[in-house]
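K.L.:
Structure for the following, please:
(4 chains)
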There are 2 protein chains.
Amino acid sequence: MPSLTAKSGAYVPRSAQEYRAGADVFKALGHSSRLLIVDALSHGERCVADLTQLIGCDTSTVSNHLSILRNVGIVADERRGQQVFYRLAATCVTKVFACLEEVRAARENHR
Amino acid sequence: MPSLTAKSGAYVPRSAQEYRAGADVFKALGHSSRLLIVDALSHGERCVADLTQLIGCDTSTVSNHLSILRNVGIVADERRGQQVFYRLAATCVTKVFACLEEVRAARENHR
DNA sequence: TGCGCTTTTGGCCAAACCTCCAATTATAGA
DNA sequence: TCTATAATTGGAGGTTTGGCCAAAAGCGCA
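P.N.:
Residues are numbered from 1 along each chain as shown, chains lettered A, B, ... in the order given. Down below sits the predicted model:
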């Protein structure tokens, strides 16, 4: 039988939908190319061609990554002439990079 | 030709390895069950059986999720008797939930 | 040692993901 | 209108993930 390891009643899980929506956001960040995109955009907006050159893969692939980030609300797009510019829509994600450092430290500690 | 949309020289990309390591952390958070685990652990440690009941799937599946979280340094484990207890190793991840809210708001805004 | 309980590991299969290419859409300029 | 450039969409391929089951490993206790 499972033991009550935490103070009983202290934790009430959120809705399954909430976890799914949250997971989608992290899933969007869970790819090195998309992380590079977010990092780049945290310094200013960029068009698709810029990002394509930065990442070094097919334009369609980058466009795909951008749509994934846009669908979860991390970036926003704006067409100006022939180009489409992307910028961060949720600036808080830049702070998350700091957390990555703490996680890395925790990993180092325990081996 | 790509246009220089950001202040030139303002952004220097990190190493590919850094992006890969960071992506692995987010990938670990990018699953609703694992997000539930993190949320639960933010209120105190839990043994595998507890988490299994909370999630409602096979024990082996939960164990697998936990190993993914452990490998990137988000959680740490400690055996006490027959049971293995898990706790958050990087407490900053709890703050990330707040960021999810901002991302959600950004998504709502733009539709 | 032998039994029971808890957790982990390995194998399997279906579903999801990533990348490219080709084709399409949107816009600017001649 | 026609052409060139920028970006998106659709489809094929190969790879990775997620779930279960069965088997193994670790621990406590008689």
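
K.L.:
For the residue nearest the centre of chain A, give me its contacts.
P.N.:
Closest to where the C-alpha atoms of chain A average out (Cα atoms, centre = their mean) is A:Leu29, at 2.8 Å. By Cβ atoms under 8 Å, 6 or more residues apart in numbering or on different chains, A:Leu29 lies in contact with A:Leu35, A:Val38, A:Ile74, A:Val93, A:Val96, B:Ala23, B:Phe26, B:Gly30. The C-beta positions use only the backbone N, C-alpha and C, and glycine is treated the same way.

K.L.:
Which secondary structure state does A:Val84 sit in?
P.N.:
The three-state assignment at A:Val84 reads strand, by DSSP: H, G, I helix; E, B strand; the rest coil.

K.L.:
Now A:Gln82: phi and psi?
P.N.:
Per-residue torsions, A:Gln82: phi -80, psi -20 (degrees, to the nearest 10).

K.L.:
Relative to DNA strand D, how far out is it?
P.N.:
Distance from A:Gln82 to DNA strand D, counting by Cβ to the nearest atom of the strand, to the nearest Å: 4 Å.

K.L.:
Check that residue and give its pLDDT.
P.N.:
Per-residue confidence (pLDDT) for A:Gln82: 98.

K.L.:
Pull out the buried residues from the helix or strand harbouring A:Arg70.
P.N.:
Element membership for A:Arg70 (DSSP states H and E) is helix A:59-71. Of the residues in helix A:59-71, A:Val62, A:His65, A:Leu66, A:Ile68, A:Leu69, A:Arg70 count as buried by neighbour count, 16 or more other Cβ atoms under 10 Å in any protein chain shown.

K.L.:
Lovely, talk soon.
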